[in-house]
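**Student:** sharing a sequence plus its predicted fold:
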Amino acid sequence: MDKKSDIIEKRKKKLLDLKKGNINLYPNDFVVSHSVGDIKKAIEEAPDYLAEDDPVFAVAGRMMAINRFGKASFIRFRDRTGQLQAYVRKDKIGDKAYNLFKQLDIGDFVGLSGGMFKTRTGEWTLLVKELKLVCKSARPLPEKFHGLKDPEKRYRRRHIDLIMNSDVRDIFIKRSRIIQAMRTFLLDRDFLEVETPMMQTVPGGAEATPFVTHHNALGMDLFLRIAPELYLKRLVIGGFERVFEINRSFRNEGVSTRHNPEFTMLEFYQAYARYDDLMDLTEEMLCHLARNLTGSTSIQYQGNIIDLGVKWRRISLASALEEFGGIDAGLLNDRKGLLEFASSNRIKVTKTGRLGKIVTKLFDVLVEPKLLQPTFVTGYPVEVSPLSRRSDISPELTDRFELFIAGHEIANGFSELNDPNDQKERFLQQVADREAGDKEAHYMDKDYIEALEYGMPPTAGEGIGIDRLAMLFTDSPSIREVILFPHMKPVERDKG
RNA sequence: GGGCCGUUAACUCAGUUGGAAGAGUAUCUGCCUUUUAAGCAGAGAGUCGCUGGUUCGAGCCCAGCACGGCCCA
């Protein structure tokens, strides 16, 4: 796969020469006593205590820069906890070790032992007494000023991106902390973390096109899940009254700055709660997250200040369409009028689609981008909410909300439909829609209906898009910036 | 699916009207024991994304394709 590259050819020849000189390029015997972080802590705690000879630190890391001065050199190296400078002198480490060191490159891993001293410019530096090669790098790192910038190369070779770009490292550390904080938030409230099938015989829980795969031994097709919802609710039926899952779902759709074919969701279900309880819980959770991550409930996203600390607005779908979309509420049941409105505003809607589909499409285009501050939208029509409980006040609407922040859909939650007969009717309607050409309509899931017949206590459930949340908290404009290995088309490599 | 932009050395990027492919970093050689974008002197390094076309001549113009970015659907 390699193109012939002068610099890489030379590097590989150097590795061969070192090997011929009986140098182990990949040893496994350097014992680390301290991390860079440990050493920095020691400096902070007792700087007067440090002397060149005592204590001795054994630390390992990747060399990121080398300044050579003939018989002495400064190097910068890094481990997971940070970066440190070291001073390597021929008269300290000996001729043999120094000659080996001269053969080493930026990007190599070294093990260093020595004490700390302060340079003329006052920088704490490791005075190396012993230097060992820990792992040889066979490829050069990108340039030190600009690093790796090309987005395609960054995504395809994320390992280099992570080596070179500390802001990228920070994004993924933050993402991990978001997930960790959500997990502890729910565990503290007596939720049980579970894992449900990713390969399903009937894909359910969302309107989306699934990926199909095949089980050879069983001789059957399986679907990668589009949501874990129906399995999590089976667990509620089974008596796990509070469950959550943080994991991947898969949707066979286009790729964009907001969509990746595989994405991460938190879904949680709480028996005896209602959808408005979950709105409260969500506010609390995201404020908890923000304080945890930044110490504040105010976050900056793409030039906008988002304030999570004030009571979030709650608005019905109809009012939102009226206020932000300029659609008269009286028009919402007028199919013909809505279609005319759509075409005069150059919004493409499927004309054969059902009324609720047209309404939500108009919402997506006209309202969603305008919802910068956190906003719960409620009152979704039954026909676009086939798993939600009907509103007791208006049976054509559901006890459901979606959460929007910074113009992105972040969460979707509702009181769960636990009437098996109503659920069956909803599935039948979905099946009819599917037969009429709606490829995203739900499948009939008889097994789930049967489970409901055993009785599911009144329950509210919610899904939160972790990737979108990570975008928000890391001020990332694209979902690819918060997914370690975003989906990329394969590129044809040179043969041989 | 559509529009705009990009693809040149390992990396970041220049490249004039179409007339002998450049810089910095990195690499290699020499000097250098307190540098920190170290310094000085020298050297090597390219399928200009791919395939065609126009032309005496193409990195540059045209067409198609691939991959990517942004926007729209």
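**Tutor:** Looks like it came in fine. Residues are numbered from 1 along each chain as shown, chains lettered A, B, ... in the order given.

**Student:** please enumerate the strands of the stretch 251-400 of chain A.
**Tutor:** Per DSSP state E, counting those that start in this stretch, the stretch 251-400 of chain A carries strands over the ranges A:262-271, A:298-301, A:304-307, A:313-316, A:375-378, A:400-405.

**Student:** these: which one's closest to A:Asn216?
**Tutor:** Of all these, it is strand A:262-271 that lies closest to A:Asn216, at 22.4 Å by Cβ to Cβ. For the C-beta atoms, the positions are set from N, CA and C on the backbone; glycine is no exception.

**Student:** where in the stretch 251-400 of chain A is pLDDT low?
**Tutor:** In the predicted model of the stretch 251-400 of chain A, no residue satisfies pLDDT under 70.

**Student:** of all of it, which residue lies closest to RNA strand B?
**Tutor:** A:Lys348 (3.4 Å; Cβ to the nearest atom of the strand).

**Student:** hang on, the earlier thing: could you identify which of the strands of the stretch 251-400 of chain A is most buried?
**Tutor:** Across the strands of the stretch 251-400 of chain A, averaging neighbours per residue (mean count of other Cβ atoms under 10 Å) puts strand A:400-405 on top, at a mean of 25.

**Student:** and whatever helix or strand comes next after that strand, which strands flank it?
**Tutor:** Later in the chain than strand A:400-405, the nearest helix or strand by DSSP states H and E is strand A:408-415. Paired with strand A:408-415 in the same sheet, following DSSP bridges, are strand A:400-405 (antiparallel), strand A:459-465 (antiparallel).

**Student:** nearest to RNA strand B, out of those strands?
**Tutor:** strand A:400-405 (16.0 Å).

**Student:** what's the closest one in contact with?
**Tutor:** Strand A:400-405 is contacted by residues A:275, A:278-279, A:282, A:306, A:312, A:314, A:368, A:371-380, A:385, A:388, A:409-415, A:464, A:472 when judged by Cβ atoms under 8 Å, 6 or more residues apart in numbering.

**Student:** one step back: count of residues packed around the residue of the stretch 251-400 of chain A closest to RNA strand B?
**Tutor:** 9 (other Cβ atoms under 10 Å).

**Student:** likewise for A:Asp170?
**Tutor:** So A:Asp170, with other Cβ under 10 Å, has 11 neighbours.

**Student:** ok, now A:Thr196?
**Tutor:** 18.

**Student:** relative to A:Val194, how far out is the residue nearest to it when sequence neighbours are not counted?
**Tutor:** Once flanking residues are discounted, A:Thr196 sits nearest to A:Tyr231: 3.6 Å by Cβ to Cβ, 6 or more residues apart in numbering. Distance of A:Tyr231 to A:Val194, computed by Cβ to Cβ, to the nearest Å: 9 Å.

**Student:** the two: which has the busier surroundings?
**Tutor:** Neighbour count, other Cβ under 10 Å: between A:Tyr231 and A:Val194, A:Tyr231 has more, with 21 against 15.

**Student:** looks to me like A:Phe77 is in a helix.
**Tutor:** No - using DSSP: H, G, I helix; E, B strand; the rest coil, the secondary structure at A:Phe77 is strand, not a helix.

**Student:** list the contacts for the closest residue in space to A:Met279 that isn't next to it in sequence?
**Tutor:** Excluding the flanking residues, the one nearest A:Met279 by Cβ to Cβ, 6+ apart is A:Phe376, at 5.3 Å. A:Phe376 makes contacts with A:Met279, A:Trp312, A:Arg313, A:Arg314, A:Ile315, A:Phe401, A:Glu402, A:Leu403, as judged by Cβ under 8 Å, 6+ apart.

**Student:** could you dump the residues you listed to TSV with distance to RNA strand B?
**Tutor:** Below are the contacts of A:Phe376 laid out as TSV (distance: Cβ to the nearest atom of the strand, whole Å):
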residue	distance to RNA strand B
A:Met279	28
A:Trp312	25
A:Arg313	23
A:Arg314	27
A:Ile315	23
A:Phe401	24
A:Glu402	19
A:Leu403	21
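
**Student:** A:Ala271: which of those is nearest?
**Tutor:** Of these, the one sitting nearest to A:Ala271 (Cβ to Cβ) turns out to be A:Met279, at 17.1 Å.

**Student:** need the contact list for the closest one.
**Tutor:** A:Met279 makes contact with A:Trp312, A:Arg314, A:Phe376, A:Phe401, A:Leu403, A:Gly413 under the criterion Cβ under 8 Å, 6+ apart.

**Student:** before we move on, what about A:Pro420?
**Tutor:** Counting by Cβ under 8 Å, 6+ apart, the residues that A:Pro420 touches are A:Ile449, A:Glu450, A:Leu452, A:Glu453.

**Student:** can you do 7 Å?
**Tutor:** A:Ile449, A:Leu452, A:Glu453 (Cβ atoms under 7 Å, 6 or more residues apart in numbering).

**Student:** now swap in A:His34 and tell me
**Tutor:** Contacts of A:His34 by Cβ under 7 Å, 6+ apart are A:Phe57, A:Ala58, A:Val59.

**Student:** where does it sit: helix, strand or coil?
**Tutor:** On the basis of three-state DSSP, A:His34 is classed as coil.

**Student:** any idea how far A:Ile160 lies from A:His442?
**Tutor:** 43 Å.

**Student:** higher neighbour count, the two?
**Tutor:** Looking at A:Ile160 and A:His442 with other Cβ under 10 Å, you find the greater number of neighbours at A:His442, namely 24 against 17.

**Student:** report pLDDT for that one.
**Tutor:** Confidence at A:His442, expressed as pLDDT, is 95.

**Student:** I'd say it and A:Gly204 touch.
**Tutor:** Yes - between A:His442 and A:Gly204 a contact is recorded at 6.1 Å, counting by Cβ atoms under 7 Å.

**Student:** by neighbour count, which of the contacts of A:His34 wins?
**Tutor:** The most crowded member of the contacts of A:His34, judged by other Cβ under 10 Å, is A:Val59 (25 neighbours).

**Student:** tell me which other helices or strands the helix or strand containing that one touches.
**Tutor:** Using DSSP H and E, A:Val59 falls within strand A:57-69. Counting contacts by 3 or more Cβ pairs under 7 Å, 6 or more residues apart in numbering; DSSP states H and E, strand A:57-69 packs against helix A:36-45, strand A:72-79, strand A:109-118.

**Student:** next structured bit after the longest helix anywhere in chain A?
**Tutor:** Using DSSP state H to define each element, chain A has its longest helix at helix A:166-188. Next in sequence after helix A:166-188, counting helices and strands by DSSP H and E, comes strand A:192-193.

**Student:** helix or strand next in line after that next one, which one?
**Tutor:** Using DSSP H and E, the helix or strand that follows strand A:192-193 in sequence is strand A:199-200.

**Student:** what's the local residue count around A:Leu362?
**Tutor:** 22.

**Student:** right, and it touches A:Gly325 too?
**Tutor:** Yes - using Cβ under 7 Å, A:Leu362 is in contact with A:Gly325, at 6.1 Å.

**Student:** tell me the strands beside the strand holding A:Val59, with direction?
**Tutor:** In the sheet, strand A:57-69 lines up against strand A:72-79 (antiparallel), strand A:109-118 (antiparallel) (DSSP bridges).
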